[in-house]
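**Q** 3D model of this:
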Amino acid sequence: MIAIYTITSGLHDAAAVKAVSDEFLQSIFPNGGYELKGPDFSSFGQEADLNIIYIRTGGAEGIFKELLPDMLDAGVEFFTLLASGKSNSLAASLEILSYLKQNGLKGEVLQGSPEYISRRIANLDKVATTRATLSGSTIGIIGKPSDWLISSTWDADVLLGQLGLSLVDIPMDDLLVEFGKAQGMLVPGPFFSGALSLKYPAAPDLPTSPLCGSVPVSAGRSGELRKNLPDAARIYQALKALVDDRGLGALTIRCFDLLTSVRNTGCYALAKLNSEGIPSSCEGDVPALLSMMIARALTGRTGFQANPASIDVETGEMLFAHCTIPFDLVDEFNYDTHFESGIGVGIHGHYPEGPVTVFKISGSLDRAFIAEGELFRNQYEANLCRTQVWLRLAPADARYFLTNPIGNHHIIIPGHHGELLHEFVNGI
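**A** Residues are numbered from 1 along each chain as shown. I've put the predicted structure just below:
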């Protein structure tokens, strides 16, 4: 919800100010969508996700200064000031913003065309709603991060203080207990078509799809799939049980441990959880998971956790790959084995070509990478993780990966969302 509070100097004619204000707000919100609180600041910062202070006239600076202590007590950290451009509204807003900056506080004046102000408010509202959505969420860390993620650390105090996120460690044994409870009964269903012309038994909850082109799956890997499909579904059921029992809003798992404990992988489970709106990362990568959570809450789109496999900094063309692409991101997919181990169930999906955004935020929230680009080709080669996509970024953005990357995993989001992601990151 958007709440608009007003500050007006008594030196101005009340009727004239009201007429200007009504016309101004109507031009910004032609379809409504806000609640006008007026001069009553008693609920400021407590009810709405986005609170806007409309400085209606000049001479309002002293009134704002008197109200400021109560607003700070309400936990407000960013002040959004709205100026109409009439009745010295802008002049007063600039004085107030300068005062806020002098006192180490953050804010912005919204002034310009109605269309510009509407766009800015829409973005600010999405950011505020995202922060409210994330706050109070619990992240489950199942097992520890994989040993090779030596830079993918995080600061739990920062995540709690800045985003309201709590982290809880869950032993891998707890997942294995749930895995033992899960049922892996077989039900008939087709899994491959086209070039393979085979039918395999399906496990509960495993979706089907036409094969993406002529993807070669060797006879040996086909046998491994036939054996491991049921347990891939059981891993999903076990993770879902932990989500429900522990009240998790997101999770990450040291998935390679499953190779030895149950001779399977979490690729299918993570692909399904992500497609169901539960951000889930592999290898215990918390920063990647944070990026997925922020992207989903802010844009409404699922992110694909992948790592670069090849970079051409002169053209900006990059190959990303991973085995866990969410089902809601692809228009076709088939099952394959997990790349590194050759066992379990990985996902080879066809990610539709078009605009994408690459995003990564650090685990201490002090760095972020945001780049818009185009996904221009899917490929399949046996010596890479199963979903393989080519992106075209600006050469300067591609160079970042070779000079100052935030770990190896990055999140690929369908659509261009750079402005919105920058807005969120800059407000942390």
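**Q** going forward, measure contacts between C-alpha atoms and count neighbours the same way
**A** Noted.
**Q** Chain neighbours aside, what residue packs nearest to Lys27?
**A** Actually, residue 27 is Ser rather than Lys. Pro114 (5.9 Å; CA to CA, 6 or more residues apart in numbering).
**Q** since we're on the one you found, how many residues are nearby?
**A** Close neighbours of Pro114, defined as other CA atoms under 10 Å, add up to 18.
**Q** That one contacts Ile28, correct?
**A** Yes. Counting by CA atoms under 8 Å, Pro114 touches Ile28, with 5.0 Å between them.
**Q** how long is stretch 51-63 end to end?
**A** 17 Å (CA to CA, to the nearest Å).
**Q** Any buried residues in it, and which?
**A** Asn51, Ile52, Ile53, Tyr54, Ile55, Arg56, Thr57, Gly58, Gly59, Ala60, Glu61 (16 or more other CA atoms under 10 Å).
**Q** Please apply the same query to stretch 142-160.
**A** Ile142, Gly143, Lys144, Pro145, Ser146, Ser152, Trp154, Ala156, Leu159, Leu160.
**Q** ok, now stretch 30-45?
**A** Tyr34, Lys37, Phe41, Phe44, Gly45.
**Q** Can you tell me which of the residues you listed end up in strands?
**A** Of these, the ones assigned to strands by DSSP state E are Lys37.
**Q** quick one: which of the buried residues of stretch 30-45 is nearest Ile121?
**A** Tyr34 (10.7 Å; CA to CA).
**Q** how much space between the closest one and Leu159?
**A** With CA to CA as the criterion, Tyr34 and Leu159 are 30 Å apart.
**Q** go on, Asn383?
**A** 37 Å.
**Q** Can you say which two of the buried residues of stretch 142-160 are spatially most distant?
**A** Ser146 and Leu160 (23.0 Å).
**Q** Which parts of the stretch 201-350 of the chain are strands?
**A** 250-253, 280-282, 304-312, 317-322, 332-336, 346-350 (DSSP state E, counting those that start in this stretch).
**Q** Just the pLDDT at Tyr99, thanks.
**A** pLDDT, Tyr99: 98.
**Q** go on, Gly344?
**A** 77.
**Q** what about it, how many residues close to it?
**A** Around Gly344 there are 29 residues (other CA under 10 Å).
**Q** Next, count neighbours for the residue nearest to it when sequence neighbours are not counted.
**A** In space, and not counting its chain neighbours, Gly344 is closest to Asn264: 4.2 Å by CA to CA, 6+ apart. A count of nearby residues for Asn264, using other CA under 10 Å, gives 29.
**Q** Roughly how far does Asn264 sit from Glu381?
**A** 22 Å.
**Q** All the strands of the stretch 51-200 of the chain, residue numbers only.
**A** 78-83, 106-110, 138-142, 166-170.
**Q** for the longest one, the distance to its chain's centre please.
**A** In terms of CA atoms, centre = their mean, to the nearest Å, the centre of strand 78-83 is found 26 Å from the chain centre.
**Q** Equivalent analysis for stretch 98-116, please.
**A** 27 Å.
**Q** got the buried residues for that stretch?
**A** Within stretch 98-116, judged by 16+ other CA under 10 Å, the buried ones are Leu100, Lys106, Gly107, Glu108, Val109, Leu110, Gln111, Pro114.
**Q** Likewise for stretch 293-302?
**A** So for stretch 293-302, counting by 16+ other CA under 10 Å, buried means Met293, Ile294, Ala295, Arg296, Ala297, Leu298, Thr299, Arg301, Thr302.
**Q** Equivalent analysis for stretch 306-322, please.
**A** 306-309, 311, 313, 316-322.
**Q** try stretch 402-415
**A** Pro405, Ile406, Gly407, Asn408, His409, His410, Ile411, Ile412, Ile413, Pro414, Gly415.
**Q** Inside helices: which ones of these?
**A** Judged by DSSP state H, the buried residues of stretch 402-415 include no members of helices.
**Q** Pretty sure Asn51 sits against Thr80.
**A** Yes. At 7.1 Å, Asn51 and Thr80 qualify as touching, with contact defined as CA under 8 Å.
**Q** So in the chain, where's the weakest helix or strand by average pLDDT?
**A** helix 258-261 (a mean of 79; mean pLDDT, DSSP states H and E).
**Q** Now do that one: everything it contacts.
**A** Outside helix 258-261, the residues that touch it by CA atoms under 8 Å, 6 or more residues apart in numbering are Asn264, Thr265, Gly266, Ser341, Ile343, Gly344.
**Q** Return the alpha-carbon coordinates of it using PDB.
**A** Only the C-alpha atoms of helix 258-261 are listed here, as PDB (Å, rounded to 0.1, in the frame of the first residue of the first chain):
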ATOM      1  CA  LEU A 258      23.900 -36.600  -1.800                       C
ATOM      2  CA  LEU A 259      26.100 -38.400  -4.400                       C
ATOM      3  CA  THR A 260      27.600 -40.500  -1.700                       C
ATOM      4  CA  SER A 261      24.700 -40.700   0.800                       C
END
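**Q** buried residues in that helix?
**A** So helix 258-261, judged by 16+ other CA under 10 Å, has buried residues Leu258.
**Q** Quick one, grab the pLDDT at the residue nearest the centre of the chain.
**A** Nearest to the geometric centre of the chain sits Ala295, at 1.8 Å (CA atoms, centre = their mean). At Ala295, the model reports a pLDDT of 98.
**Q** which residue ranges form the helices in the stretch 251-400 of the chain?
**A** 258-261, 267-275, 286-299, 395-403 (DSSP state H, counting those that start in this stretch).
**Q** Taking the buried residues of stretch 306-322 together, which two end up most distant?
**A** Val313 and His322 (21.1 Å).
**Q** care to break the chain down by domain?
**A** 2-134, 138-426 (automatic domain parsing).
**Q** Deepest-packed of those domains, please.
**A** domain 138-426 (a mean of 19; mean count of other CA atoms under 10 Å).
**Q** can you give me the offset of it from its chain's centre?
**A** The mean C-alpha position of domain 138-426 is separated from the chain mean by 13 Å, CA atoms, centre = their mean.
**Q** ranges for the helices of the stretch 1-150 of the chain?
**A** Using DSSP H, counting those that start in this stretch, helices in the stretch 1-150 of the chain cover 14-28, 61-73, 89-102, 114-134.
**Q** Tell me where this protein is predicted with low confidence.
**A** Residue ranges of the chain with pLDDT under 70: 183-224, 340-342.
**Q** the longest strand in it is where?
**A** From DSSP E, the single longest strand across the chain is strand 368-379.
**Q** Strand partners (parallel or antiparallel) of it?
**A** Strand 368-379 pairs in its sheet with strand 354-361 (antiparallel), strand 387-392 (antiparallel), by DSSP bridges.
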